[in-house]
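Student: Here's a sequence, model it:
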Amino acid sequence: MKKIIITLGCVVIAPLAFAQPSSTDKKQNTTTTERIKVTGTIIRTTTEEGAAASYQPAKTLVVREDRSNNPVRYVLNGRGHVVNKAGEIVQTAIKPGARVRVYYADMGDLRMIDHVVVID
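Tutor: Predicted structure coming up:
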């Protein structure tokens, strides 16, 4: 009699022990695409190379370009625009005479700096 009770207990408990819960979440992978029309003007960046001038007002970089004797002023807005050759941000002031490469875009009469690379 004992064997029958144990066997019946195993028959009832075993399916519960090895049962896996069924998933009630039905996932649907749906994507929708919409056409977007983008309008605007293309801004072309240009580079100039030269030496930093001896006098530079705050937030301004004055560069004597190699192809011209006239110094050109660039306005620096914010941090992170001046990097070294390795791409690391330069925290110190640019020394007069240091070789620089300026990446900028012409916006009317203004030259907007993208970034400056200190070559020396």
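Student: Do I have it right that Tyr55 meets Leu61?
Tutor: No - with contact defined as C-beta atoms under 8 Å, Tyr55 does not count as touching Leu61 (11.2 Å). Backbone N, C-alpha and C define where each C-beta goes, glycine included.
Student: So for these two, which sits in the more crowded spot?
Tutor: Leu61 (20 against 9; other C-beta atoms under 10 Å).
Student: in the chain, which segments are predicted with low confidence?
Tutor: Applying pLDDT under 70 to the chain flags the ranges 1-28, 78-80.
Student: All the strands of it, in order from the start?
Tutor: Along the chain, counting by DSSP state E, strands occupy 45-52, 60-65, 71-75, 82-84, 99-107, 110-118.
Student: Any chance of the ones you listed in CSV with distance to Lys37 as columns?
Tutor: Compiled in CSV, the strands of the chain are given as follows (distance: least, C-beta to C-beta, whole Å):
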stretch, distance to Lys37
strand 45-52, 25
strand 60-65, 38
strand 71-75, 33
strand 82-84, 35
strand 99-107, 24
strand 110-118, 26
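Student: Nearest approach to Val90 belongs to which of those?
Tutor: Val90 lies closest to strand 82-84 among the strands of the chain, at 4.5 Å (C-beta to C-beta).
Student: what packs against the closest one?
Tutor: Applying 3 or more C-beta pairs under 8 Å, 6 or more residues apart in numbering; DSSP states H and E, we find strand 82-84 packed against strand 110-118.
Student: Which residues belonging to the strand it packs on are considered buried?
Tutor: Arg111, Ile113, His115, Val116, Val117, Val118 (16 or more other C-beta atoms under 10 Å).
Student: and if you look at stretch 52-62?
Tutor: Residues Ala52, Ala53, Gln56, Leu61, Val62 are the ones in stretch 52-62 that count as buried (16+ other C-beta under 10 Å).
Student: Equivalent analysis for stretch 42-54, please.
Tutor: So for stretch 42-54, counting by 16+ other C-beta under 10 Å, buried means Glu48, Gly50, Ala51, Ala52, Ala53.
Student: Out of the residues you listed, which comes closest to Val82?
Tutor: Checking the buried residues of stretch 42-54 against Val82 with C-beta to C-beta, the nearest one is Ala52 at 10.4 Å.
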